[in-house]
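Visitor: after the sequence you'll find the predicted model.
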Amino acid sequence: MGPTLAYWLGNPILNPATMVFMGFVLGWRWTALRLAVGLLLVFGVAYLANRFVRPEDLPTLATHTPSAPADSAEDSVWIRWARALRQLVIGLVPEYVGIVLILGAARAWLFPAVTPGADGLLWTAGLAIAGTLFVIPTAGEIPIVQTLMVFGLGVGPAAALLTTLPPVSLPSLVMLGKAIPIRALAFITASVVALGLLSAALAVGLGF
């Protein structure tokens with residue numbers, strides 16, 4: 001489970017193309033901060049989350065005993081792949097679309113209007129939680145943070161968003177709840193929020 005969680009978290013937050021894009025748009029200090037916090041999340045939090053997984057929590061693999069020859073159409077890899085894809089589409093797509101629509105309708109409360117002076121602990125904590133729940137495309141956090149800072153968002157809340165938006169979201173947590181124990185997901189969610197607050201403190205302390 002540990003390597004699985006590390007892959008899931010590392011894919012968005014340590015994406016090399018995203019890091020280069022961030023360096024040119026926001027500056028390389030922001031990229032270094034993202035890299036440091038991302039490494040802590042992937043190698044530290046994923047390892048610790050593995051401790052919340054008991055052996056009985058892991059899914060068991062059913063032994064497949066084909067009743068027909070291995071080279072038959074029924075047992076071909078493409079048929080099995082299509083069958084698995086169909087099950088994923090039926091189970092996950094409606095769930096994903098529904099949650100994204102709900103989050104889209106609630107975006108006015110998750111991301112309130114930013115005005116000059118949008119800074120401080122309440123803004124930082126609120127946006128750290130909102131960033132953890134909201135879903136964005138790859139590298140979408142960069143233009144979001146850049147735009148909000150133009151409208152007056154402080155360095156601390158911006159750093160919190162830059163850390164919490166990529167790795168997890170409410171749709172991903174709900175969908176992975178079928179494969180990963182709730183205890184591990186809850187620990188990861190709380191850790192992402194905490195690392196968002198840590199990022200904010202570092203950005204302010206280092207004078208970003």
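Guide: Received, thanks.
Visitor: low-confidence ranges, the chain, go.
Guide: Along the chain, the parts satisfying pLDDT under 70 run over 56-75, 91-93, 95-116.
Visitor: mind redoing it with 80?
Guide: Applying pLDDT under 80 to the chain flags residues 53-76, 84, 87-118, 178.
Visitor: quick one, phi psi at residue 153?
Guide: phi -70, psi 140 (degrees, to the nearest 10).
Visitor: what sits against it?
Guide: By C-beta atoms under 8 Å, 6 or more residues apart in numbering, residue 153 lies in contact with 114, 118, 119, 123, 145. In this view, the C-beta of every residue, glycine as well, is placed from N, C-alpha and C.
Visitor: and it, how close does it get to residue 40?
Guide: From residue 153 over to residue 40 the distance is 24 Å, taken as C-beta to C-beta, to the nearest Å.
Visitor: would you mind listing which of the contacts of residue 153 are buried?
Guide: 114, 118, 119, 123, 145 (16 or more other C-beta atoms under 10 Å).
Visitor: how near is the fourth one to residue 183?
Guide: It stands for residue 123. 30 Å.
Visitor: and stretch 80-94, what's buried?
Guide: Buried-residue list, stretch 80-94, by 16+ other C-beta under 10 Å: empty.
Visitor: centre of the chain to that stretch, how far?
Guide: Relative to the chain's own centre, stretch 80-94 is displaced by 22 Å; criterion: C-alpha atoms, centre = their mean, to the nearest Å.
Visitor: stretch 16-33 now?
Guide: That offset, for stretch 16-33, works out to 18 Å (C-alpha atoms, centre = their mean).
Visitor: in it, which residues are buried?
Guide: Residues 18, 19, 21, 22, 26, 30, 31, 33 are the ones in stretch 16-33 that count as buried (16+ other C-beta under 10 Å).
Visitor: quick one: the buried ones among the contacts of residue 153 as a markdown table, columns for distance to residue 190 and secondary structure too.
Guide: Shown next, in a markdown table, are the buried ones among the contacts of residue 153 (distance: C-beta to C-beta, whole Å; DSSP: H, G, I helix; E, B strand; the rest coil):
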| residue | distance to residue 190 | secondary structure |
| --- | --- | --- |
| 114 | 25 | coil |
| 118 | 24 | strand |
| 119 | 24 | coil |
| 123 | 20 | helix |
| 145 | 22 | helix |
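Visitor: first-to-last residue distance for stretch 165-177?
Guide: End-to-end distance of stretch 165-177: 19 Å, with C-alpha to C-alpha, to the nearest Å as the criterion.
Visitor: burial of the nearest residue to residue 50 once chain neighbours are set aside, as a residue count?
Guide: Nearest residue to residue 50 in three dimensions, chain neighbours excluded: residue 2, at 3.6 Å (C-beta to C-beta, 6 or more residues apart in numbering). Residues lying near residue 2 (other C-beta atoms under 10 Å) number 15.
Visitor: what's residue 2 in contact with, if anything?
Guide: Residues in contact with residue 2 (C-beta under 8 Å, 6+ apart) are 46, 47, 49, 50.
Visitor: many thanks, we can stop here.
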